[in-house]
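>>> task: produce atomic coordinates for the following.
(chains A, B, C and D)
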There are 2 protein chains.
Amino acid sequence: MNQYWEKIKKAGLKLTPRRKAIVDIFIKLNRYASAEDVWEILSKKFKRCGLPGVYRNLESLVDCGVLAKVEKFDNKKYYALCLAGSSHHHHIVCLNCDKVEDISCYAGESLKKIKGFKVLNHFFQASGICAACARGGKA
Amino acid sequence: MNQYWEKIKKAGLKLTPRRKAIVDIFIKLNRYASAEDVWEILSKKFKRCGLPGVYRNLESLVDCGVLAKVEKFDNKKYYALCLAGSSHHHHIVCLNCDKVEDISCYAGESLKKIKGFKVLNHFFQASGICAACARGGKA
DNA sequence: ATTCTAAATGGAAATAATTTCTATTTAGAG
DNA sequence: CTCTAAATAGAAATTATTTCCATTTAGAAT
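Numbering: from 1, shown residues only, chains lettered A, B, ... in the order given. From the prediction side, this is the model:
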């Protein structure tokens, strides 16, 4: 029972073979992926496997905190394993290898009021080159 | 020749009736809008008016700095008038009236290196309730 | 172990957003 | 006024995602 399975159970979701496999795929990938990416890999393991089911599972895994959404700003949805707890945090993405890491939120008091707005939410995401890629780890 | 028209000309784009009308729509709206929103309004002014043309124009207006993209994280594209110059900045969106305002970027030295990543880009967007809506301006 | 029920699933089809393509029109330089 | 590259309309294609419904299954209760 790993930390991800625990999150799934804790949310009252069933720990299905499909969900275990999807978590496994993300652990092995170590980067963000689209529903179609996941479906392609999952299809090798399960002969009968629909894309709608993958979409449903990715959403439920986001809901229970196992996955986080990653933005590529191209009108597609991307997901990555979320190691951080349920506390508010952000993500940094490697432009070379697509790896995603959790980063804590820097927001302080100054973010409660901006330009007369009462600020309720904010989204932050950084991208760049991770240490491994900078060393030529993959290129 | 207002500031928006100037930006269009400066980018080497033609100042067409369609583009003038789109800028005008955003000035009057004073909030972000989707391609379809713009198309609906534009259709009242021009009987022959295609959605693909609206998409093309919105993109070209972003390219020349007249419009900015706004994220609603729903896999649709949204646009708003961009008053700020070409310098790096962000946006804050009113959840009640959809108004968008430019905000300056707070990023300092600490944002150059995060978790070993060499940070190249970042995206920030805040949302909340604007002063007018807080006063019950529209609700 | 067996039963039971809500949740999960597959797959077809629908929906929604956006882009491509091609022929026609037009802004604006000369 | 002419000319050309840029802009346009509209149909059709593409892409991503969701809905629908009939079937299966995880896991709680027995």
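>>> what's the local residue count around A:Ile114?
18 (other C-beta atoms under 10 Å in any protein chain shown). Yep, even glycine has a C-beta here, placed from its N, CA and C like the rest.
>>> from B:Leu95, how far off is it?
Using C-beta to C-beta, to the nearest Å, we find A:Ile114 at a distance of 13 Å from B:Leu95.
>>> give me the common contacts of those two.
Residues touching both A:Ile114 and B:Leu95 (C-beta atoms under 8 Å, 6 or more residues apart in numbering or on different chains): B:Gly128.
>>> what sits up against stretch A:100-107?
A:31-32, A:68, A:70, A:80-84, A:88-94, A:122, A:124, A:126, A:130, B:110, B:114-115, B:117.
>>> got the buried residues for the longest strand along chain A?
Selection of the longest strand in chain A by residue count, based on DSSP state E, yields strand A:117-129. By neighbour count on 16 or more other C-beta atoms under 10 Å in any protein chain shown, the buried set for strand A:117-129 is A:117, A:119, A:122, A:124-129.
>>> nearest to A:Arg19 among these?
Ranked by distance to A:Arg19 (C-beta to C-beta), these are led by A:Gln125 at 25.7 Å.
>>> dig out what the closest one forms beta bridges with.
Beta-bridge partners for A:Gln125, by DSSP bridges, are A:His91, B:Phe123.
>>> that one and DNA strand D, how far apart?
The gap separating A:Gln125 from DNA strand D is 16 Å, by C-beta to the nearest atom of the strand, to the nearest Å.
>>> was I right to think that residue contacts A:Ala68?
No - using C-beta atoms under 8 Å, A:Gln125 is not in contact with A:Ala68, being 10.2 Å away.
>>> which neighbours do those two share?
Residues touching both A:Gln125 and A:Ala68 by C-beta under 8 Å, 6+ apart: A:His91.
>>> what's the span of stretch A:97-111, first residue to last?
Using C-alpha to C-alpha, to the nearest Å, one end of stretch A:97-111 lies 32 Å from the other.
>>> averaged pLDDT, it. What do you get?
In this model, stretch A:97-111 has an average pLDDT of 88.
>>> stretch A:121-135 now?
What stretch A:121-135 shows for mean pLDDT is 96.
>>> identify all contacting residues around it.
Counting by C-beta under 8 Å, 6+ apart, A:70-71, A:90-97, A:99, A:101, A:103, A:105, A:107, A:111, A:138-139, B:71, B:73, B:111, B:114-128 sit against stretch A:121-135.
>>> so where is chain A shaky, pLDDT-wise?
Scanning chain A for pLDDT under 70 picks out A:1, A:137-139.
>>> from the buried residues of strand A:117-129, pick the one nearest DNA strand D.
For the buried residues of strand A:117-129, the minimum distance to DNA strand D (C-beta to the nearest atom of the strand) is 16.2 Å, reached by A:Gln125.
>>> and that closest one, how far is that from A:Lys76?
15 Å.
>>> all helices in chain A, in order from the N-terminus.
A:3-10, A:17-29, A:35-45, A:51-63, A:131-134 (DSSP state H).
>>> so which of these is nearest B:Glu36?
That would be helix A:51-63 among the helices of chain A, by C-beta to C-beta, at 23.4 Å.
>>> give me the buried entries from the contacts of stretch A:100-107.
Burial by neighbour count, judged by 16+ other C-beta under 10 Å, picks out A:31-32, A:68, A:70, A:80-82, A:90-94, A:122, A:124, A:126, A:130, B:114, B:117 from those.
>>> list the contacts of the residue in chain A sticking out farthest from the centre.
Distance from the centre of chain A peaks at A:Gly116, with 32.8 Å (C-alpha atoms, centre = their mean). Applying C-beta under 8 Å, 6+ apart to A:Gly116 gives the contacts B:130-131.
>>> farthest pair in the buried residues of strand A:117-129?
A:Phe117 and A:Ile129 (33.7 Å).
>>> this completes my enquiry, with thanks.
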